[in-house]
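Colleague: Got a predicted structure plus its sequence, pasted below:
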Amino acid sequence: MMRFRAVKIDVETVDGLVTQYRTNFGQGLVIVSGPNSVGKSLLFQSLIYGLGLDGMYGPSHDHGLLTRALTEEIMLGGQSHRVSRSSVAVEIENGVGQILTAQRDVAGGTNDQLVATWSEAAITAQASEGSRRDYFVRRGGAAVEESGFHRLLAEFIGWELPIVPAFNNKEVPLYLEILFPFLAIEQKAGWSGILPRIPTYLQVRDPLQRGVEFYLGLELVQRATDLQRLIDREADLRRQFEIMMGALKSSATLRGARIVGPDDWGKFRRHADPRTAPFEIEIRAEMLEGSNWVPIEAAIARPLPEADLTSPEPTSKRPNEEELNARLDAATERMRELSGQLSAVEETLDLIHTQLGSLRTRLAAVEEERRRYEQLSVLVGLGSPVAVATFGHHDCPTCQQSLDGLEHQPDLATLDYEKSLDLLTEQARTLRALQEDAERAANDQVLVRTGFEREADELRRETKAIRADLVTPDNIPSVADLQRRLVEENRRADLQNLGIEILQGTERLAAIAGDLRSVLEARAGLGPTDLTAEEQGRLESWTALFRQNLSAVGVTSFPVDEVVLPVTGKPGVVGYDDVGFQASASDVIRLRWSYALSLMRISQTIGGPHPGVLMMDEPRQQEVESFSEFLALAASQTGQIILMTSEPVSVIERAVGDTGVQIIPLDGLLLQVQ
């Protein structure tokens, strides 16, 4: 709860004149009455400015909220005087009886982002010596930092500002500049529509709905925020998974191997689903030997070829000329085989790429035709009597062949548009599956080609080494054997390093799977993100109060029992999303009255966070009749409602009767020579 206790406005001029306005506010309905241009709006604006809430009208810092009487020049005694210094102070009280006084300079004093505060009455009483504490406002951190005034103000009211989603994937507090437009309606633009004018520069998503959820105590935003956090966390885990798998695949490809395991996110996510039994991440690498893929462990375990590097004498371990020639012939024959196999792989790849091109073209045509049938379905669903008759069937939905020039055969059964749409959808699904299979086949063929090219490169080096052996003395170690041994040692080391990378990657993927399982469990535990039955009941109670208020103030543009209030906070009429377009100009004002009063009442009824204060500057717009009914309705509310109006005191007294309403008359200018 919160209410205004007092306000004080001080102005000094360059020629030494001093003027001050001070008034106290009671509880309940408070009406400031005076003719136009005496300073009612200045008084209203000062209450806003004193609490550092001028940001609710925009990001500007040029004091556009306040009149020139506080910023540039003031009329005193019929003459204009330049302002040298001005300030505004407000004194407020919360629901537990604590008092807070806040003062901001406007012109000529300290920086207007500095707020001097006293945790006691400093307008209606003398503040204690040394009790002042300063805070900042209208700059980053004012709502969250220890020295931020809006953090102090929120805590004083008893608010714990929720964290809500903003644009650019950020989360921010639900700023006071978003919440206070529900409590204050200024004259210039506040009555131009039914809804509070909420600033958008703060980048909060759906700020109107966030405010409604706050005042009605709906946890929809919290559930939505929690869900978004989990979605973002899952997206981050997916990025980590794809980076890890991409690194393992690249490392394996460089070694002529392939990765086998849950290598795509969909498969990995299904394994991590908490509804399934916990699983162990199993990733292995395979390499091509001949026409078979074998685990790299088999290649690592294979004995290394012998090579005698120690004896200076001829040794039986060194191959003789006949053995070398046999090995040379075998290597040459294998090179011919590899050449043929590489040509076959290239032909297979060309065929697969041709098939992929055809599949992509076919899929694009099917998707285009499917979209046309979807549009036809929409038109038919909207009741179009000519959509089917005018729909152009350019291609057969089954074989995609052109139908142009073909004669119609009425005796043949045809599919209607709904069955054709189903057929096209199934065809698109099948074509996408075939495309994925072809892409996997192409990747496998690339690995096969890499393996063949690696083997061919090794054979070329071995052939060169054998020829060197044929012309070197017998007491020289075999270059061919040495070459073969080094190749196998390097390959074994490569595969061992790959095995280590896979082991480390498996451990990291296991951690990712555990985190993902926790995320999926948390998402399952969130429950529905829609309104609960209790929250729906609160929304319905607000709607009922809103309708009662509309009836009390005499709305006639539409039946009030057809008004609906969704969680977005935007009133509608049955069959129309925006009630404002269905209302007359005077009824728009009545709707604005009723909206603000009903939201305050329902929030108080359910124990919500509404502070129980409303401020309205000139609520009688468009010469609205039934203003008396509005005043009577406002007088019946629990809380403080401050109205600035040009209605004469006599009219007000007749409307409110003997209800204890406080009337503050302004017979002359608000600021006068002291």
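Modeller: Good, I have the coordinates. Numbering: from 1, shown residues only.

Colleague: Please state the offset of stretch 505-521 from the chain centre?
Modeller: On the basis of CA atoms, centre = their mean, to the nearest Å, stretch 505-521 sits 24 Å off its chain's mean C-alpha point.

Colleague: starting at the chain centroid, how far to stretch 602-612?
Modeller: Using CA atoms, centre = their mean, the mean C-alpha position of stretch 602-612 is found 28 Å from that of the whole chain.

Colleague: Could you do stretch 537-551 as well?
Modeller: Offset of stretch 537-551 from its chain centre (CA atoms, centre = their mean): 31 Å.

Colleague: Can you give me the buried ones in that stretch?
Modeller: By 16 or more other CB atoms under 10 Å, the buried positions in stretch 537-551 come out as Arg538, Leu539, Ser541, Trp542, Thr543, Leu545, Phe546, Arg547, Gln548, Asn549, Leu550. Any C-beta I mention is one placed from the backbone N, CA and C, and that applies to glycine too.

Colleague: Model confidence at the residue nearest to Met644 when sequence neighbours are not counted, what's the number?
Modeller: Spatial nearest neighbour of Met644, chain neighbours left out: Lys40 (4.0 Å); criterion: CB to CB, 6 or more residues apart in numbering. pLDDT recorded at Lys40 is 91.

Colleague: My read is that Lys40 contacts Glu618, right?
Modeller: Yes: contact criterion CB atoms under 8 Å: Lys40 and Glu618 qualify, at 7.4 Å.

Colleague: thinking again about what came up before, same list, the buried residues of stretch 537-551, but as TSV with pLDDT, distance to Glu186 and secondary structure please.
Modeller: Compiled in TSV, the buried residues of stretch 537-551 are given as follows (pLDDT from 0 to 100; distance: CB to CB, whole Å; DSSP: H, G, I helix; E, B strand; the rest coil):
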residue	pLDDT	distance to Glu186	secondary structure
Arg538	94	28	helix
Leu539	94	27	helix
Ser541	95	28	helix
Trp542	96	24	helix
Thr543	95	26	helix
Leu545	96	24	helix
Phe546	95	22	helix
Arg547	95	26	helix
Gln548	95	26	helix
Asn549	94	21	helix
Leu550	93	23	helix
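
Colleague: Which of those residues sits closest to Asp444?
Modeller: Leu539 (57.3 Å; CB to CB).

Colleague: ok, now which ones touch the closest one?
Modeller: Leu539 is in contact with Leu216, Leu218, Leu531, Leu565, Pro566, Val567, counting by CB atoms under 8 Å, 6 or more residues apart in numbering.

Colleague: Identify, from these, the entry nearest to Val579.
Modeller: Closest approach to Val579 among these (CB to CB): Leu565, at 9.6 Å.

Colleague: residues contacting the closest one?
Modeller: Leu539, Trp542, Thr543, Phe546, Pro571, Gly572.

Colleague: just to revisit the earlier point, quick check: the farthest pair among the buried residues of stretch 537-551?
Modeller: Arg538 and Leu550 (18.8 Å).

Colleague: Mind listing residues that contact stretch 252-259?
Modeller: Contact with stretch 252-259 is made by 245, 248-249, 283-288, 293, 296, 444, 446-447, 450-451, 454, 494-495, 498, 502, as judged by CB under 8 Å, 6+ apart.

Colleague: change it to 7 Å
Modeller: Applying CB atoms under 7 Å, 6 or more residues apart in numbering, the contact partners of stretch 252-259 are 248-249, 283, 285-288, 296, 447, 450-451, 454, 494-495, 498.

Colleague: With stretch 342-356 instead?
Modeller: The contact list for stretch 342-356 (CB under 7 Å, 6+ apart) reads Gln435, Ala438, Glu439, Ala441, Ala442, Gln445, Val448, Arg449, Phe452.

Colleague: Helix, strand, or coil at the nearest residue to the third one once chain neighbours are set aside?
Modeller: Think Glu439. Spatial nearest neighbour of Glu439, excluding adjacent residues (CB to CB, 6+ apart): Leu356 at 6.8 Å. Three-state assignment for Leu356 (DSSP: H, G, I helix; E, B strand; the rest coil): helix.

Colleague: residues touching the nearest residue to Glu186 once chain neighbours are set aside, list them.
Modeller: In space, and not counting its chain neighbours, Glu186 is closest to Asp617: 5.1 Å by CB to CB, 6+ apart. Residues in contact with Asp617, defined by CB under 7 Å, 6+ apart, are Lys40, Ser41, Phe44, Ile185, Glu186, Gln187, Met644.
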